[in-house]
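In: Build me a model:
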Amino acid sequence: MSGCDAPKLRRDEDGFTLIEVVVAFALLVVVMTSALPVFIRMLQATAVTKAHTQAKNLAQERLDQMRDLRFHVDRQNGPFLDLLDIYFTNATSASPVTTVNAGSGTLTGSYIATGAASGGEPAAPFYRVTTGPIPGATSFSQIIDTQFLGPDGSAVPAARFQDVYDSQIVGRDQSPSLMVGVTVLTTWTSGGKVKTFRTYTRVTDGRPQAPVIQSQGRAVAVDITSNGADTSTLELQAGLAKIDGAQSSGSSVSGYVTGALATRTGVTPVTGKVEQFSLPSQGVTTSGSGVEQSLPSCSWWGFGKTDTNNVTGDVSAGLPKAPTNVNGATPFNTASGFIAANSGGGCGLLSYDNTAGGGIPRLAIDPVGFSMGAKPYVRVNDTTGGSAPAITGRGYVTSNPLPTSPQQTKAGAAVAMAAGVTLFPNNPESSFNNTLGSKGLVGAILDQGSVDCVSGTSGVDGTIVGKYTLHLFWWGKGLADASARWHQAMWTYDSSLNAAPVPAVGAGWDTWDPANTFLSTGQPLSNLVQGPAVPNVVKSGANNGLRGFPTGIFTLTTAPTLVNETSPGFSAINVQLGQLSCVADDQR
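Out: Numbers count the residues shown, from 1 in each chain. Predicted coordinates for the structure are as follows:
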């Protein structure tokens, strides 16, 4: 067969020519090139949307965590972590930095006292908490700003709580409001730029934002605290009367009254006789024991016979009252808890040291340890006969009906001591003090102390009256003394008459000055015991504010008592007299 006879290919069997392929590829490149920016922008938009959604979810998780926390638990009830402990730790104008391990990383906080709104944050005052990289989402971090709000939603002025409120200190941890505003700023970096998602909400403690009645009594005659070598908190209180009333959709009143309470971290508390109620749901119940109680050798605590009196409440008329007969006398009848005189046995009326948990006392070769003497380090001796109350705390709350003018809510607390509390009663050099019933270095008797609050009208402060008589005794050689002796001072105070405590003057009275009172070792008394130059005065805030003695009437602080304390100063002992509180708030 000749070449001309070869079969010819049909047109539809032909492939693409090189030119056609090149042209098609060129067209494809043109289309893809023009579509690429659109595709990239779609990817970027998806990433931005994803990050924004994640930021929103993280913010919501933060708010849910905050709402899951109790708004506030009184510090004296134990080391419970509440919302304010984490997100409004204190209102100290010096703005110390605090850290809290909240289970989802370490949170760092500080109080912002002044400043205008900026960068999504509110105008001061508020408490700022920062998270650092969030665990599980490390490209994100948060700033949480918490601000106390009044019933109308406006910020509570700093003057009502600054340098008073502190969630970590008993007696100063009461929130100045029932509501906080929370701003959460969630930030991340995208394309080299910092992005922020801002959300805001309000959180309340479950009670109404504008309570009709908010009344609180409370009283602790003596409160002794320190820490053991195992870091546990050791607290012994005498004369407790916690009375509280409220009214919103319904009236309620509660009370917890006992003569003595010993608490240690991780250990079941020990109480004297307790009477408590929570109306309208729970009537008066009795628990605890009224006999004298102690651990072996009176360590770390011991207290005498306890009893309670007139522990009742009433809400039947729609208003909180406690005790039931509160209005039956002038001044008001009160509910009381006390340690009875002549009842302490070998441990006295009160006995305290902080050697629990393996604590080793300072040695006698140490001048401070020598002057401290053997434990107990704090003691109240039996100095009176009979069985009358020797250390007492009392409280009351009451409100008058709406038709009455003026409409008022009243609350109050009072304490009294018939025997003195003595620090370092086994000091080897002092002479016997007949009033204290022992030797020692420093002693104090709060003869009487009281605080009474009356609500004001809406938007106007009510009134507060604080009173006390305080005796102080201390051993040593003053600058003008020929030899060491017992010194004494006395202050009387009535806030309705005087702005400051009035000291006793004249023959037989001295000026409290531990820095210039010297012991046989040559050291000043202030090396072992310190206290303020004068007792405290009442503090009054506006509606929803803290009123009363926020840090008690008088506090004495010892030098550290243990050689194996976990950190410097950790084993110092604080003895607080008259830890009174008083809040009456009536916005009817």
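In: what's around P532, how many residues?
Out: For P532, the neighbour count with other CB atoms under 10 Å is 12. Where you see a C-beta, it was placed from the backbone N, CA and C, and this is true even at glycine.
In: can I assume it is in contact with L556?
Out: No. P532 is beyond contact range of L556, at 9.2 Å (criterion: CB atoms under 8 Å).
In: so which helix or strand takes in A55?
Out: helix 18-68 (DSSP states H and E).
In: Can you name the next helix or strand after that helix?
Out: Immediately after helix 18-68, counting by DSSP H and E, sits helix 83-87.
In: now what about that following helix, what contacts it?
Out: 66, 69-72, 100, 102, 107, 109, 127, 129, 144, 146, 167-168, 173, 175, 180, 182, 203 (CB atoms under 8 Å, 6 or more residues apart in numbering).
In: Looking at it now, give me its mean pLDDT.
Out: The average of the pLDDT scores along helix 83-87 is 87.
In: Would you tell me what the next helix or strand after that helix is?
Out: Following helix 83-87 in sequence order, the next helix or strand is strand 98-101 (DSSP H and E).
In: what helices or strands is the helix or strand following that following strand leaning on?
Out: Proceeding N to C from strand 98-101, the next assigned helix or strand is strand 106-112, under DSSP H and E. Strand 106-112 sits against helix 83-87, strand 98-101, strand 126-130, with contacts defined as 3 or more CB pairs under 8 Å, 6 or more residues apart in numbering; DSSP states H and E.
In: circling back: please, a PyMOL command that selects the buried ones among the contacts of helix 83-87?
Out: Remark: buried members of the contacts of helix 83-87, expressed as a PyMOL selection using 16 or more other CB atoms under 10 Å:
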select buried, resi 66+69+71+72+100+102+107+109+127+129+144+146+167+173+175+180+182+203
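In: Based on its surroundings, how many neighbours for the closest residue to G385 other than its chain neighbours?
Out: Nearest residue to G385 in three dimensions, chain neighbours excluded: N342, at 5.6 Å (CB to CB, 6 or more residues apart in numbering). If you count neighbours by other CB under 10 Å, N342 ends up with 16.
In: Using the three-state scheme, assign N342.
Out: State at N342, reduced to three classes by DSSP: H, G, I helix; E, B strand; the rest coil: coil.
In: can you give me phi and psi for it?
Out: phi 60, psi 40 (degrees, to the nearest 10).
In: ok, now the one 4 residues further on?
Out: Backbone dihedrals for G346, given as degrees, to the nearest 10, come out at phi -70, psi -20.
In: Kindly report the same for L446.
Out: phi -90, psi 90.
In: quick one: it and V222, what's the gap?
Out: 8 Å (CB to CB, to the nearest Å).
In: Neighbour count for the two, which is higher?
Out: Each of L446 and V222 has its neighbours counted (other CB under 10 Å); V222 has more, 29 against 25.
In: tell me which element the residue lying closest to that one once chain neighbours are set aside is part of?
Out: Spatially, and ignoring its direct neighbours in sequence, V222 is nearest to A238 (4.5 Å; CB to CB, 6+ apart). Secondary structure from DSSP H and E places A238 in strand 233-247.
In: mind listing what's buried in that strand?
Out: 234-247.
In: for that strand, packing partners?
Out: Looks like strand 233-247 contacts strand 213-216, strand 220-227, strand 251-264, strand 301-303, strand 335-340, strand 350-352, strand 389-399, strand 409-417 (3+ CB pairs under 8 Å, 6+ apart).
In: wait, which of these is closest to G283?
Out: Among the helices and strands packed on strand 233-247, strand 251-264 comes nearest to G283, with 11.1 Å by CB to CB.
In: Can you list the neighbours in contact with the helix or strand just after the closest one?
Out: Downstream of strand 251-264, the next assigned helix or strand under DSSP H and E is strand 267-271. Residues outside strand 267-271 that contact it (CB under 8 Å, 6+ apart): 232, 258, 260-263, 287-289, 293, 301.
In: May I see the residues you listed arranged in JSON lines, with neighbour count and distance to P151 as well?
Out: Formatted as JSON lines, these follow (neighbours: other CB atoms under 10 Å; distance: CB to CB, whole Å):
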{"residue": "S232", "neighbour count": "18", "distance to P151": "40"}
{"residue": "T258", "neighbour count": "28", "distance to P151": "34"}
{"residue": "A260", "neighbour count": "32", "distance to P151": "38"}
{"residue": "L261", "neighbour count": "25", "distance to P151": "34"}
{"residue": "A262", "neighbour count": "24", "distance to P151": "39"}
{"residue": "T263", "neighbour count": "21", "distance to P151": "35"}
{"residue": "S287", "neighbour count": "10", "distance to P151": "37"}
{"residue": "G288", "neighbour count": "20", "distance to P151": "39"}
{"residue": "S289", "neighbour count": "13", "distance to P151": "44"}
{"residue": "Q293", "neighbour count": "20", "distance to P151": "45"}
{"residue": "W301", "neighbour count": "27", "distance to P151": "43"}
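In: No more questions from me, cheers.
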